[in-house]
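Asker: the sequence and its predicted three-dimensional model are supplied below.
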Amino acid sequence: METTNKQIVLAARPVGFPKPSDFKLVESPVPAPGPNQFVVRSLYLSVDPYMRSRINPGGKSYARSVEVGEVMVGGVVGEVEESNHAGFAAGEFVVGMFGWQEYAVSDGAGVRNVDPNLAPISTALGVLGLTGLSAYFGLLEIGKPQPGETVVVSGAAGAVGSIAGQIAKIQGCRVVGIAGSDEKVRWLTEGLGFDAAYNYKTVSSNYRKLLTLCPNGVDVYFDNVGGEITDAVIRLINVRARLVICGQISQYNLEKPEMGPRWLWALIVKQARAEGFLVFQFADRSDEALRQMARWIQEGKVTYRENIVDGIENAPRAFIGMLKGENIGKQLVKIAEPSAR
Ligand SMILES: NC(=O)c1ccc[n+]([C@@H]2O[C@H](COP(=O)([O-])OP(=O)(O)OC[C@H]3O[C@@H](n4cnc5c(N)ncnc54)[C@H](OP(=O)(O)O)[C@@H]3O)[C@@H](O)[C@H]2O)c1
């Protein structure tokens, strides 16, 4: 077993867009498990947009901020290396919030086992993890799509958006995706079966483009990005439309909050509903949702893509790249291979 634990800590609170120097690689001894604890060796790390708000000064978010000098927060799939815990044996695969580090000690709180026979273990951080659950509950519980309705997804080629759009197709909807490159747009229409998609970076008006792609208006909007794109979609909503506010990534790196058009009147006129959600509010139903997602994957109704960067030292680069849109599908960092037990 290794004796050194490489960790990425927060070196400085970013101002605006994060930079590599906001993070620092440090080394510490590999921890030993105490009574009722186990040590996990990290295999895959998830980098996610929510981490941007966790490195802001405290008090602004729904969860505690990471302090300067502290290991970055993050979901990890790993292998139990050594265990004094009755519920987790050495050699088992687990997923939990173990942070940006090669080894972590855990008492099992918030940790679940990962079945390597169900799907590749990395999917426990993506389509068979919080990503898939966000798409599933956000779309089905908040969006309540009906067959024949038009569903627009922003951030559509990202981890959550690409799954939300496919679930909308399964529900019999017409699905229109918005994404930031021509390659992403091709994947959405040719690879995932979206009915239409466009590159928001190359259109002069999101509104005019959406007008042509959504001739019957918009019934459900799955919003990952906010900002100008959302302002444009809202002008096209139908009576009783549902706006699923999943994320607002266009706003996360701004130094000053952006002022946009005041569009709430549209909710009155269209008797529409905008509702935000946190995936954790559905935690008691996650087993049911993961079983359904696994079935859809096995039936070929949901496909997923992973963008994998190698090495814990490259986690900051992967995180910043994801915020810039370099990922197609789920952004992961591969830290190590499973053991050959
Ligand atoms: N509510 C919840 O419980 C919950 C849970 C998970 C995630 N989320 C939210 O869901 C959203 C998607 O998360 P994810 O993990 O699936 O990330 P992701 O979509 O895989 O990655 C982020 C994507 O955001 C897009 N983006 C970045 N800046 C943008 C901008 N200014 N305007 C438009 N698009 C921009 C980029 O794609 P382009 O190339 O298309 O720009 C990038 O690939 C995030 O807002 C996240 O905070 C919410």
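Answerer: In hand now; what should we look at?

Asker: the strands in the stretch 201-341 of the chain, which residues?
Answerer: Taking DSSP state E, counting those that start in this stretch as the test, the strands found in the stretch 201-341 of the chain are 218-223, 237-245, 273-276, 306-310, 330-334.

Asker: out of those strands, flag the one nearest the ligand.
Answerer: Smallest distance to the ligand across those (C-beta to the nearest ligand atom): 5.9 Å, for strand 330-334. Backbone N, C-alpha and C define where each C-beta goes, glycine included.

Asker: show residues contacting that closest one.
Answerer: For strand 330-334, the external contacting residues (C-beta atoms under 8 Å, 6 or more residues apart in numbering) are 43-48, 122, 125-127, 131, 159, 304-312, 314-315, 318-319, 321-322.

Asker: in three-state terms, label Pro18 for me.
Answerer: Three-state assignment for Pro18 (DSSP: H, G, I helix; E, B strand; the rest coil): coil.

Asker: C-alpha coordinates for stretch 150-160, CSV please?
Answerer: Output in CSV follows, covering the C-alpha atoms of stretch 150-160 (Å, rounded to 0.1, in the frame of the first residue of the first chain):
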residue,chain,number,x,y,z
THR,A,150,-42.0,20.4,-26.5
VAL,A,151,-39.2,20.2,-24.0
VAL,A,152,-36.2,22.6,-24.3
VAL,A,153,-33.0,21.7,-22.4
SER,A,154,-30.1,24.2,-21.9
GLY,A,155,-26.6,22.9,-21.1
ALA,A,156,-28.0,20.0,-23.2
ALA,A,157,-24.7,18.2,-24.0
GLY,A,158,-23.5,18.3,-20.4
ALA,A,159,-23.9,15.5,-17.8
VAL,A,160,-27.4,16.4,-16.5
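
Asker: pull out the buried positions in that stretch.
Answerer: Under the neighbour-count criterion of 16 or more other C-beta atoms under 10 Å, stretch 150-160 has Thr150, Val151, Val152, Val153, Ser154, Gly155, Ala156, Ala157, Gly158, Ala159, Val160 buried.

Asker: pull the distance from that stretch to the chain's centre.
Answerer: Relative to its chain's centre, stretch 150-160 lies at 12 Å (C-alpha atoms, centre = their mean, to the nearest Å).

Asker: what pLDDT, on average, does that stretch get?
Answerer: Stretch 150-160 comes out with an average pLDDT of 98.

Asker: near the ligand at all, it?
Answerer: Yes - using C-beta under 6 Å from any ligand atom, stretch 150-160 reaches the ligand at Gly155, Ala157, Gly158, Ala159, Val160.

Asker: please name the bridge partners of the nearest residue in space to Val68 that is not next to it in sequence.
Answerer: Excluding its sequence neighbours, the residue lying closest to Val68 (C-beta to C-beta, 6 or more residues apart in numbering) is Leu10, at 5.3 Å. Leu10 forms beta bridges with Phe23, as assigned by DSSP bridges.

Asker: list the contacts of Leu10.
Answerer: Neighbouring residues of Leu10 by C-beta under 8 Å, 6+ apart: Asp22, Phe23, Lys24, Ile55, Val66, Glu67, Val68, Gly69, Glu70, Met72.
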